[in-house]
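Trainee: predicted coordinates and the sequence they were generated for:
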Amino acid sequence: MRQARKFDPSGEYVRRYVPELAEIGAGEVHEPWKLEGAQRARLDYPEPIVDHAEATSRFLRGRRRASGARAGRR
């Protein structure tokens, strides 16, 4: 999302290729998963498939466990 905001701050590219987001503002176009449920439903935009915060947390826990197991073998 950082690159989208940097190179397409107005969301013109997103609006062109994701027609469901054509009518929302520049501040929302790069993070449509944060839209209110009613607004997302009106746009026919789907619910997120992955909770990125939860997935990141799960990955980091697994990485710590793997690093700890590897350190214990030395």
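Mentor: Okay, I see it. None of the values given here were measured: they were computed from a predicted structure.
Trainee: so which bits of stretch 34-46 are buried?
Mentor: Across stretch 34-46, burial judged by 16 or more other CB atoms under 10 Å covers 35, 40, 43, 45. C-beta here means a position set from N, CA and C on the backbone, and glycine is covered the same way.
Trainee: other residues contacting the host helix or strand of the second one?
Mentor: What it means is residue 40. Counting by DSSP states H and E, the element that carries residue 40 is helix 37-43. Applying CB atoms under 8 Å, 6 or more residues apart in numbering, the external contacts of helix 37-43 come out as 20, 21, 23, 24, 32, 35, 46, 47.
Trainee: list buried residues within these.
Mentor: For these, a neighbour count by 16+ other CB under 10 Å gives the buried set as 21, 24, 32, 35.
Trainee: and the residues you listed, which is closest to residue 62?
Mentor: residue 32 (28.6 Å; CB to CB).
Trainee: picking that back up, what's the next secondary structure element after the helix holding residue 40?
Mentor: With DSSP H and E, the next secondary element past helix 37-43 is helix 52-72.
Trainee: show me how far that following helix is from its chain's centre.
Mentor: Distance, stretch centre to chain centre, for helix 52-72: 21 Å (CA atoms, centre = their mean, to the nearest Å).
Trainee: low-confidence stretches in this protein?
Mentor: 71-74 (pLDDT under 70).
Trainee: switch to 80 and redo it
Mentor: Low-confidence segments of the chain, defined by pLDDT under 80: 1, 37, 69-74.
Trainee: does residue 32 touch residue 44 like I think?
Mentor: No. Using CB atoms under 8 Å, residue 32 is not in contact with residue 44, being 11.3 Å away.
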